[in-house]
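K.L.:
With the input below, show me the fold.
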Amino acid sequence: MIFINSHKAIAISLLLFSAGSFAQVKPHPNVIIIITDDQGYGDLGITGNPHVKTPVIDKFAAESIRFNNFYVSPVCAPTRSSLMTGRYSLRTGVRDTYNGGAIMASSEVTIAELLKKADYKTGIFGKWHLGDNYPSRPSDQGFDESLIHLSGGMGQVGDITTYFKGDSSYFDPILWHNNIKETYQGYCSDIFTEQAINFISKNSKAPFFCYLSFNAPHTPLQVPEKYYSQYKDIDPASGFKGDKKPLSKMTEKDKEDARKVYAMVTNIDDNIGKLLKKLDELNIAENTMIIFMTDNGPQQTRYVAGMRGLKGNVYQGGIRVPFYIKYPSSFGKNKEIETMAAHLDILPTVAELCNVELPDDRIIDGKSLVPLIKGNQADWANRSLFTYWTRRFPELYSKMSLHKGNFKLVGNTDYNAKIEEFELFDLDKDVYEQKNIVLENKDLAASLKQELDRTYNDLISSKNLIIQPPIIVGSKFENPIILNRNDAGGDRGIWEQEEINGNWKLSIQKGYYNIKFKFLKPLKANGRMYLEANTLIRQIQNNKEGADIIEMNNVFFTDMDCELRPYYSIGSKNIFPFWVEMEKID
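P.N.:
Okay, the predicted model is just below:
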């Protein structure tokens, strides 16, 4: 017989009670979301491309739950806002990729903010594209660590630290680490992966959320030579004899672009391999949920599994993307799901699997994918998805669709068009969207159009769309602040033009400011620099030939919400600055 003294008995009882309590603790798996930029459905080996080398992603997909009918928005910023919030992008204020329309309202609740309630460490590495200034930066939206480029892409006009590098913008870039400029050595995709791995290693003992958001293979198509050399001699238009629908005709430029894209994708594949290896080394792979997806269809003509359309339109080739989710400790491997799902569903899915509550003060358009993964398809048959794409604001029946069940109504017509002018496809029978069956199914088309109208009218009345989320100037959280062209409104399509009317929607805090206006090209002397904001107008003479920066110091602003409109006037020209820096000095 063995006797245990009372103190030991109490200790053992407490230990057993603690163990039992621990067993009841809801799981908080690590979460990794990997998203690539402009990588189409056909840019993987597993989706039928005989040219691109993606052994890591192919193997990962084969061991994952594969959603074979997964949809996103036709372009990047709307996709990313829906991914982050579970809401249609128009509800969040995101309506464009630039033109001031890629700023997400700070009132939105992101995946990062949800998970922080459960004490997750959160990090983003790569592309954000939902606002470059306070209060819409990653650090303002729930991310503990952020390493990003600005605007929609490295080398674009909004990314002021890489734009001037031209054809080498993806190499040795200046990036923004926790909102501070830092210089990095190497190729962008390698840098973002390396820093993501460092973040994972630092936080492997506690639950973490890592958002690895590659800017590749988006243009400019820059890639290390060792990857390009693997593709320089291939013909990307060959090797598709088994396809029921022939490959779209490719020009020589299309072929060269495809070679570079495939090289960039293979580099990403290698980097994902490094990340997966690190999870194994840290012994955390079993309790880590990983999602791989892309943000829209390809920008250039190349293999897209025979689907119609590219990035920027609502046909399948523009919006259907690969989506793979793997979570070894929770659900099985190698399963295919054909039910339609979308970017809207990611936040609800993560919330359920991580045991965090969804916001109850707003519409969440997405649905958790967990029931589908477990084999329950109830309530999914009547699910519909609204998609659109036009610059600035959605234009009624222009590049607009409603997908419900196996039917998809597409509008590429006038706002007052009759139902016969729409397209209707049965995707079960016509995956390539080649046969318009609207004339034989007018009643069905009219019913889908009514739902499309209701959804459209609901979304365009969203507060965040009507009142564009302003950039806050003068805050202690970002001072000085740099306003870039990606977030400038005014004339349509503000990019690198000199003579164009532009402005920024701001909420300026009362005080004195020093202001710098940076121009793309040296200015001629004897012009005048103007600054307009509501009733405030200031001007200053420039007598310096060849200046590309003009300064206005000690400019006083009252508290105001305004459109800040700066321009350099010389002769008949009004030249818009490339960027504006405002520093509150009191």
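
K.L.:
Dump the longest strand belonging to the chain to PDB, keeping only the CA atoms.
P.N.:
Assignment by DSSP state E gives strand 560-570 as the longest strand of the chain. Provided in PDB are the C-alpha atoms of strand 560-570 (Å, rounded to 0.1, in the frame of the first residue of the first chain):
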ATOM      1  CA  MET A 560     -10.700  71.200 -40.800                       C
ATOM      2  CA  ASP A 561     -11.900  68.400 -43.000                       C
ATOM      3  CA  CYS A 562     -10.900  69.400 -46.500                       C
ATOM      4  CA  GLU A 563      -9.600  68.600 -50.000                       C
ATOM      5  CA  LEU A 564      -6.000  69.700 -50.000                       C
ATOM      6  CA  ARG A 565      -5.200  70.900 -53.500                       C
ATOM      7  CA  PRO A 566      -1.600  72.000 -54.300                       C
ATOM      8  CA  TYR A 567      -0.200  73.000 -57.700                       C
ATOM      9  CA  TYR A 568       2.600  74.900 -59.200                       C
ATOM     10  CA  SER A 569       1.400  77.500 -61.700                       C
ATOM     11  CA  ILE A 570       3.600  78.700 -64.500                       C
END
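
K.L.:
To which secondary structure element is Gly366 assigned?
P.N.:
Secondary structure from DSSP states H and E places Gly366 outside every helix and strand.

K.L.:
So the residue lying closest to it once chain neighbours are set aside, which state does it fall into?
P.N.:
Nearest residue to Gly366, sequence neighbours excluded (Cβ to Cβ, 6 or more residues apart in numbering): Leu344, at 3.3 Å. For glycine as for every other residue, the C-beta is placed from the backbone atoms N, C-alpha and C. With DSSP: H, G, I helix; E, B strand; the rest coil as the basis, Leu344 sits in helix.

K.L.:
Leu344 and Phe70: what is the separation?
P.N.:
Using Cβ to Cβ, to the nearest Å, we find Leu344 at a distance of 11 Å from Phe70.

K.L.:
Ser329 too?
P.N.:
Relative to Phe70, Ser329 is positioned 23 Å away (Cβ to Cβ).

K.L.:
Those two: which is more packed in?
P.N.:
More neighbours surround Phe70 than the other of Ser329 and Phe70, with 25 against 11 (other Cβ atoms under 10 Å).

K.L.:
how about that one, what does it touch?
P.N.:
Applying Cβ atoms under 8 Å, 6 or more residues apart in numbering to Phe70 gives the contacts 293, 320-323, 340-342.

K.L.:
what's the pLDDT at it?
P.N.:
In this model, Phe70 is scored at 98, pLDDT.

K.L.:
who's it bridged to?
P.N.:
Per DSSP bridges, the residues bridged to Phe70 are Val321, Ala341.

K.L.:
show me what contacts the residue nearest to the spatial centre of the chain?
P.N.:
Centroid-nearest residue in the chain, with Cα atoms, centre = their mean: Arg80, separated by 3.0 Å. Contacts for Arg80 were tallied using Cβ under 8 Å, 6+ apart; they are 35, 94, 127-130, 213, 295.

K.L.:
On the three-state scheme, it is what?
P.N.:
At Arg80 the chain is in helix, as set by three-state DSSP.

K.L.:
Need the pLDDT of it.
P.N.:
Note on Arg80: pLDDT of 98.

K.L.:
And the one 3 residues further on, by the same measure?
P.N.:
As predicted, Leu83 sits at a pLDDT of 98.

K.L.:
Use 9 as the first number for this chain going forward.
P.N.:
All set: I'll call the first residue 9, so the last point we hit is now Leu91.

K.L.:
Tell me how many other residues surround it.
P.N.:
Counted with other Cβ under 10 Å, the neighbours of Leu91 add up to 29.

K.L.:
Helix or strand: which one has it?
P.N.:
Per DSSP H and E, Leu91 falls inside helix 84-93.

K.L.:
got the CA coordinates for that helix in PDB?
P.N.:
What follows is helix 84-93, C-alpha atoms only, in PDB (Å, rounded to 0.1, in the frame of the first residue of the first chain):
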ATOM      1  CA  CYS A  84      -6.200  43.700 -55.700                       C
ATOM      2  CA  ALA A  85      -7.300  46.400 -53.200                       C
ATOM      3  CA  PRO A  86     -10.900  45.300 -53.200                       C
ATOM      4  CA  THR A  87      -9.900  41.600 -52.700                       C
ATOM      5  CA  ARG A  88      -7.600  42.500 -49.800                       C
ATOM      6  CA  SER A  89     -10.200  44.600 -48.000                       C
ATOM      7  CA  SER A  90     -12.800  41.800 -48.300                       C
ATOM      8  CA  LEU A  91     -10.200  39.200 -47.100                       C
ATOM      9  CA  MET A  92      -9.300  41.300 -44.100                       C
ATOM     10  CA  THR A  93     -12.900  42.200 -43.000                       C
END
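
K.L.:
tell me which residues of that helix are tucked away?
P.N.:
Neighbour counts over helix 84-93 (16 or more other Cβ atoms under 10 Å) mark 84-93 as buried.

K.L.:
Can you tell me which of the residues you listed is nearest Gln549?
P.N.:
Nearest to Gln549 among these is Ala85, at 39.2 Å by Cβ to Cβ.

K.L.:
OK, contacts around the closest one?
P.N.:
Listed by Cβ under 8 Å, 6+ apart, the contact partners of Ala85 are 97, 102, 104-105, 109-110, 137-138, 160.

K.L.:
Filter the residues you listed down to the ones in helices?
P.N.:
Ser97 (DSSP state H).

K.L.:
From the opening residue of stretch 468-479 to its closing one, how far?
P.N.:
One end of stretch 468-479 to the other measures 21 Å (Cα to Cα, to the nearest Å).

K.L.:
My error: substitute stretch 304-313 in the last question.
P.N.:
14 Å.

K.L.:
And for stretch 43-61?
P.N.:
18 Å.

K.L.:
Next: stretch 332-339.
P.N.:
For stretch 332-339, the separation between the terminal residues is 13 Å (Cα to Cα).

K.L.:
What distance do you get for Tyr192 to Lys526?
P.N.:
From Tyr192 across to Lys526, the span is 23 Å (Cβ to Cβ).
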